[in-house]
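1. next come a sequence and a model predicted from it.
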Amino acid sequence: MAAIECGEIVGILADRASLDAALDALAKADGTAALLTAKAAFYGALVRGCGNAVVGELLGRMHQRIAVLRATSMARPERLPQSLAELRGLVDALARRDAPGAERLAIAHVRAAEVAALPVLQEHTP
């Protein structure tokens, strides 16, 4: 997101209703499958809004590969409310057209997921 342009932000926000609906579904999700579906819907709306098919394809492949890690980080009970707050903050930064803020929040979200996932992975690693 370092080179995000104003036009890309406008495109992302054109699908704000889908972003908000995905976050609402995430807040109400019951079980891992519902969590993963809601997160996929959120990221799908975000990528569709950027209007770049190549980025969409690359991120789609990445998201498929990290689904297990996402489920792992979300296994911690405190992670869902934290993740929701992080993603809502990201959408709000985009709405303000604050590209540096959105970038900072996106990076912080990924790092927080990492911190949440590592102990779960260590518990299940021989």
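-> Alright, I've got the coordinates.

2. dump the residue contacts of the nearest residue to D20 once chain neighbours are set aside.
-> Among residues not flanking D20 along the chain, V91 sits closest, at 7.4 Å (CB to CB, 6 or more residues apart in numbering). C-beta here means a position set from N, CA and C on the backbone, and glycine is covered the same way. With contact set as CB atoms under 8 Å, 6 or more residues apart in numbering, V91 has these partners: R16, L19, D20, L23.

3. for the second one, the count of nearby residues, please.
-> Put plainly, it is L19. A count of nearby residues for L19, using other CB atoms under 10 Å, gives 25.

4. check the first one too.
-> A count of nearby residues for R16, using other CB under 10 Å, gives 14.

5. backbone dihedrals for it, please?
-> phi -60, psi -40 (degrees, to the nearest 10).

6. that one is in contact with A95, isn't it?
-> Yes - the pair R16 / A95 is scored as a contact, 7.2 Å apart, by CB atoms under 8 Å.

7. how much space between R104 and R111?
-> 11 Å (CB to CB, to the nearest Å).
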